[in-house]
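Colleague: return a 3D structure for these sequence lines:
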Amino acid sequence: MVQDKFPIRVLVAKPGLDGHDRGAKVIARALRDAGMEVIYTGIRQTPEMIVHAAAQEDVGVLGLSILSGAHLEIIPQILKLLGEQGMDDVMVLLGGIIPEQDRVALTEMGVAAVFGPGTSTRQIVEFIESNSVTKAGL
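Modeller: Residues are numbered from 1 along each chain as shown. Below you'll find the model as predicted:
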């Protein structure tokens with residue numbers, strides 16, 4: 001039987017020195033439960049490590065969890081590296097403690113959505129399902 005729809009592949013990562021990963025693990029589990037293929041890189045990842053993993057895993061979605069306040073330093077680096085790898089089609093999502101005034105700048109940079117505290121996992125799943133393009137794995 002030929003499968004005509006490939007599962008959405010998502011890489012969930014914790015960039016920087018932030019060691020609090022409970023939220024990232026909850027999101028990863030919710031995405032798996034929704035039928036997505038999820039790769040979780042763990043904590044303390046550099047932008048280079050994250051983009052390398054995203055390329056290796058051929059993901060369509062990159063979910064980043066940042067609680068450290070370093071989002072305006074880290075996100076531009078990740079977006080630049082994705083562009084250098086020809087991965088402009090990867091949907092980048094951000095979650096964590098992101099001040100409202102930074103959200104506009106992040107979306108203008110290319111972040112598809114910013115999810116703050118209190119966002120339901122269902123909202124995140126629905127956003128990904130409505131906005132991602134699945135890739136055929138090789």
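
Colleague: contacts, neighbours, all on C-alpha from now
Modeller: Fine.

Colleague: please name the bridge partners of Val38.
Modeller: Val10 (DSSP bridges).

Colleague: burial count for it?
Modeller: Look at Val38: counted by other CA atoms under 10 Å, it has 24 neighbours.

Colleague: now do the contacts for it.
Modeller: 9-12, 28, 31-32 (CA atoms under 8 Å, 6 or more residues apart in numbering).

Colleague: reformat these as JSON lines; add neighbour count.
Modeller: Below are the contacts of Val38 laid out as JSON lines (neighbours: other CA atoms under 10 Å):
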{"residue": "Arg9", "neighbour count": "26"}
{"residue": "Val10", "neighbour count": "26"}
{"residue": "Leu11", "neighbour count": "24"}
{"residue": "Val12", "neighbour count": "25"}
{"residue": "Ala28", "neighbour count": "23"}
{"residue": "Leu31", "neighbour count": "24"}
{"residue": "Arg32", "neighbour count": "17"}
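
Colleague: by contact count, what packs against the lengthiest helix in the chain?
Modeller: In the chain, with assignment by DSSP state H, the single longest helix is helix 71-84. In terms of contacts (3 or more CA pairs under 8 Å, 6 or more residues apart in numbering; DSSP states H and E), helix 71-84 is packed against helix 47-57, helix 100-109.

Colleague: for that helix, list the C-alpha coordinates in CSV.
Modeller: What follows is helix 71-84, C-alpha atoms only, in CSV (Å, rounded to 0.1, in the frame of the first residue of the first chain):
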residue,chain,number,x,y,z
HIS,A,71,15.9,34.7,21.7
LEU,A,72,16.9,37.9,19.9
GLU,A,73,20.5,36.6,19.8
ILE,A,74,19.9,32.9,19.0
ILE,A,75,17.0,33.0,16.6
PRO,A,76,18.8,35.2,13.9
GLN,A,77,21.7,32.8,14.1
ILE,A,78,19.5,29.8,13.5
LEU,A,79,17.6,31.4,10.7
LYS,A,80,20.8,32.4,9.0
LEU,A,81,22.2,28.9,9.2
LEU,A,82,19.0,27.4,7.9
GLY,A,83,19.2,29.8,4.9
GLU,A,84,22.8,28.8,4.3
